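1. Build me a model:
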Amino acid sequence: MNDFTPWLRPTLVGPFATTWTIVSLLQLAQSALVLPNGERLDAWLLVLLSSSFYAAMIVVGLLSADLVLLRTKLRRLPTNGRAWLSSLLAPVGVWLAWAIVGWGDEDTAIPMVVLLVSWPFLGAPLALRWMFGERP
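-> As a prediction, the model looks like this:
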């Protein structure tokens, strides 16, 4: 593979597209109207900015998952539709992993909370790339 564009473009754009779309729809449903004078627009921009960190972490997880699967020769780099589908589903996969496992309770030690919060950023992309990837 000499051209990495069919793999890299969905990997970098997909999580941001899904995250920004979901956040914008939720913000629109909450405020229902963005006034011309900018009221509520600043809240939407702030939510987009903060959710960008979430999407960036998912991009790092997707890149890491691809490298792990490529290094172990279990899957090839996903391209085109497979790459777009797994990249667009990755933010939802991370959220579902948090919903299923949770973040611990008030008695959970700090290292365990860090593990519970951070593992879906690699686990969900790894599972999605495994499911939608092509065998070598």
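
2. can you give me the helices in the protein?
-> 5-31, 41-71, 80-101, 110-118, 120-132 (DSSP state H).

3. Could I get the buried residue list for the fourth one?
-> Residues Leu116 are the ones in helix 110-118 that count as buried (16 or more other CB atoms under 10 Å). The way it works is simple: take the backbone N, C-alpha and C, and place the C-beta from them, glycine included.

4. returning to that earlier point: out of the helices of the chain, indicate the one that is most buried.
-> With neighbours taken as mean count of other CB atoms under 10 Å, these reach their highest mean count in helix 120-132, at a mean of 21.

5. Reformat the helices of the chain as CSV; add mean pLDDT.
-> Formatted as CSV, those follow (pLDDT from 0 to 100):
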stretch, mean pLDDT
helix 5-31, 90
helix 41-71, 92
helix 80-101, 93
helix 110-118, 87
helix 120-132, 93
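
6. thought Leu89 was touching Leu128?
-> Yes - between Leu89 and Leu128 a contact is recorded at 5.7 Å, counting by CB atoms under 8 Å.

7. Could you measure from Tyr54 over to Ala90?
-> If you measure Tyr54 against Ala90 using CB to CB, to the nearest Å, the figure is 11 Å.

8. between those two, what contacts are shared?
-> When CB atoms under 8 Å, 6 or more residues apart in numbering defines a contact, no residue borders Tyr54 and Ala90 alike.

9. residues touching Ala55, list them.
-> So Ala55 contacts Pro15, Phe16, Thr18, Thr19, Trp20, Pro91 (CB under 8 Å, 6+ apart).

10. ok, the residue nearest to the spatial centre of the chain to Ile58 distance?
-> Closest residue to the average C-alpha location of the chain: Pro91 at 3.2 Å, with CA atoms, centre = their mean. Relative to Ile58, Pro91 is positioned 6 Å away (CB to CB).
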